[in-house]
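Chemist: pasting the structure only:
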């Protein structure tokens with residue numbers, strides 16, 4: 001009978017890991033002689049005791065694990081990874097005026113300082129008033145237009161009316177608003193710009209807008225950068241080249257450019273009337289179809305092209321290479337492209353334009369402060 005019992009419970013031994021299951025030949029009582037086998041009841045008692053000890057060990061390990069998880073949770077909360085949620089309602093004291101805003105509203109502009117500040121990561125270290133409200137040391141007259149724009153942007157739909165950027169009527173307040181928006185890293189989100197395909201095959205181009213302005217074009221194409229929902233014009237921009245072919249980077253006088261555009265699809269910016277461009281492959285300036293070689297100019301993958309003052313100055317890797325400003329110590333060119341005239345009784349729009357095949361990204365856009 002004893003042999004049958006052991007045979008039917010071989011599986012118990014494998015479940016006990018490091019716990020040794022007593023055999024029938026083991027002596028555990030003082031009343032039995034060393035050679036006396038254990039009774040069935042004694043064996044069952046030993047097995048029960050061993051299982052109980054194992055269960056206690058597992059419970060202890062589970063408690064240790066729970067404590068470790070609780071500690072990890074506290075650490076994550078302290079670092080801002082924990083129970084903060086985008087649906088949190090944040091109570092703000094803005095220059096003495098209390099308002100309530102959803103966390104996801106303040107973090108809508110990805111990569112901005114405002115989004116980082118209210119992400120939840122730094123909540124414990126942010127300035128607060130005596131009631132525990134987050135304190136923003138700015139006038140409510142400046143902050144509220146920004147918050148209301150973000151609220152409108154959060155519920156914007158393609159079928160809704162076009163979203164308009166804030167435009168404060170008072171000139172001085174407007175300049176302060178521009179300054180505050182720039183401080184919070186919000187300019188690209190509050191005053192958006194978009195890259196548009198101007199000439200080429202839409203199926204061959206992949207365009208990314210703010211915050212990662214970039215283009216991948218599998219065919220020779222021409223693109224423009226347009227402002228959207230505001231009147232702050234682009235005055236300068238910066239392009240970082242990837243692997244490109246025949247890159248031409250510059251400006252067009254949009255209305256006149258369209259009026260005089262040729263039928264040659266191979267022409268890019270600078271090769272048409274009312275356009276200027278730095279020809280990155282040939283190393284020179286294209287001024288409305290006329291090419292001027294810039295000796296020693298070398299441009300390749302990774303080069304940074306900066307176009308300033310709507311076509312007056314070009315820099316390559318922070319070095320000024322050509323300018324229409326007579327006082328600049330560099331190659332001078334006669335700029336008959338600017339100042340703009342008028343087309344259809346409206347002021348001409350001078351906008352960034354670039355033609356290429358390959359990939360590039362816009363690393364900086366500078367806007368006017370009207």
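Modeler: Everything's here; your move. For clarity, every value in this text was computed on a predicted model and none was experimentally measured.
Chemist: give me the low-pLDDT residue ranges for this protein?
Modeler: 1-37, 69-86, 337-347 (pLDDT under 70).
Chemist: All the helices of it, in order from the start?
Modeler: Along the chain, counting by DSSP state H, helices occupy 2-8, 10-15, 40-79, 103-106, 113-117, 140-154, 171-183, 187-190, 254-259.
Chemist: Which stretch among those is buried most, on average?
Modeler: Highest mean neighbour count among these (mean count of other Cβ atoms under 10 Å): helix 187-190, with a mean of 22. Glycine gets a C-beta too; all of them are placed from N, C-alpha and C.
Chemist: other SSEs contacting that helix?
Modeler: helix 140-154, helix 171-183 (3 or more Cβ pairs under 8 Å, 6 or more residues apart in numbering; DSSP states H and E).
Chemist: What residues does the residue nearest to residue 219 when sequence neighbours are not counted make contact with?
Modeler: What sits nearest to residue 219 in space, not counting adjacent residues and going by Cβ to Cβ, 6 or more residues apart in numbering, is residue 204, at 4.1 Å. Taking Cβ atoms under 8 Å, 6 or more residues apart in numbering, we find residue 204 in contact with 217-219, 221.
Chemist: need the residues you listed in TSV with neighbour count and distance to residue 322, can you?
Modeler: Listed next are the contacts of residue 204 as TSV, based on neighbours: other Cβ atoms under 10 Å; distance: Cβ to Cβ, whole Å:
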residue	neighbour count	distance to residue 322
217	24	25
218	14	30
219	11	28
221	21	25
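Chemist: Now flag whichever of those residues is closest to residue 240.
Modeler: Of all the contacts of residue 204, residue 240 sits closest to residue 217, with 15.0 Å by Cβ to Cβ.
Chemist: State the phi and psi torsions of the closest residue to residue 112 other than its chain neighbours.
Modeler: Excluding the flanking residues, the one nearest residue 112 by Cβ to Cβ, 6+ apart is residue 185, at 3.8 Å. Phi and psi for residue 185, reported as degrees, to the nearest 10, are phi 70, psi 30.
Chemist: count of residues packed around residue 185?
Modeler: 17 (other Cβ atoms under 10 Å).
Chemist: ok, so what distance separates it from residue 287?
Modeler: 36 Å (Cβ to Cβ, to the nearest Å).
Chemist: any idea how far the closest residue to residue 303 other than its chain neighbours lies from residue 249?
Modeler: Computed as Cβ to Cβ, 6+ apart, the closest residue to residue 303 that is not its neighbour in sequence is residue 241, at 5.0 Å. According to Cβ to Cβ, residue 241 stands 8 Å off from residue 249.
Chemist: hey, what's in contact with both of the two?
Modeler: 280, 305.
Chemist: The residue nearest to residue 132 when sequence neighbours are not counted: what's it in contact with?
Modeler: In this structure, residue 132 finds its nearest non-sequential neighbour in residue 91, 7.5 Å apart by Cβ to Cβ, 6+ apart. Shown in contact with residue 91 (Cβ under 8 Å, 6+ apart): 98-100, 132-134.
Chemist: Residue 91 and residue 265: what is the separation?
Modeler: 57 Å.
Chemist: For beta bridges, what are the partners of the residue nearest to residue 132?
Modeler: On the basis of DSSP bridges, residue 91 is bridged to residue 100.
Chemist: list the contacts for residue 150?
Modeler: 105-106, 108-109, 189.
Chemist: can I assume residue 233 is in contact with residue 368?
Modeler: Yes: with contact defined as Cβ atoms under 8 Å, residue 233 reaches residue 368; the gap is 4.6 Å.
Chemist: quick one, which of these two is more surrounded?
Modeler: Ranked by neighbour count (other Cβ under 10 Å), residue 233 and residue 368 place residue 233 first, with 16 against 13.
Chemist: ok, now which ones touch the more buried one?
Modeler: Residue 233 neighbours (Cβ under 8 Å, 6+ apart): 227, 349-350, 367-368, 370.
Chemist: what does residue 110 give?
Modeler: Per Cβ under 8 Å, 6+ apart, neighbours of residue 110: 189, 211.
Chemist: So it versus residue 294, what's the distance?
Modeler: Counting by Cβ to Cβ, the gap from residue 110 to residue 294 is 38 Å.
Chemist: can you check residue 258 too?
Modeler: Taking Cβ to Cβ, one finds residue 258 at 29 Å from residue 294.
Chemist: before we move on, what about residue 55?
Modeler: 82 Å.
Chemist: again with residue 316
Modeler: Distance, residue 316 to residue 294, using Cβ to Cβ: 9 Å.
Chemist: Next: residue 239.
Modeler: Residue 239 is 17 Å from residue 294, by Cβ to Cβ.
Chemist: Compare neighbour counts for the two and give me the winner.
Modeler: residue 239 (26 against 20).
Chemist: thinking again about what came up before, just the contacts of residue 150 now: which is nearest residue 282?
Modeler: Closest to residue 282 out of the contacts of residue 150 is residue 189 (37.4 Å), distances taken as Cβ to Cβ.
Chemist: right, and that closest one touches residue 108 too?
Modeler: Yes: Residue 189 is within contact range of residue 108, at 7.0 Å (criterion: Cβ under 8 Å).
Chemist: Need the residues touching each of those two.
Modeler: Common neighbours of residue 189 and residue 108 (Cβ under 8 Å, 6+ apart) are 150, 153.
Chemist: Show me the strands in the stretch 251-370 of the chain, by range?
Modeler: Secondary structure of the stretch 251-370 of the chain by DSSP state E, counting those that start in this stretch: the strands cover 275-279, 284-287, 290-293, 304-308, 313-316, 319-323, 331-332, 342-343, 346-347, 350-367.
Chemist: what's the most buried one of those strands?
Modeler: Buried most deeply of those, by mean count of other Cβ under 10 Å, is strand 275-279, with a mean of 28.
Chemist: and the angle from that strand to strand 350-367?
Modeler: Going by axes from the mean of the first three to the mean of the last three Cα atoms, to 10 degrees, strand 275-279 is angled at 70 degrees with respect to strand 350-367.
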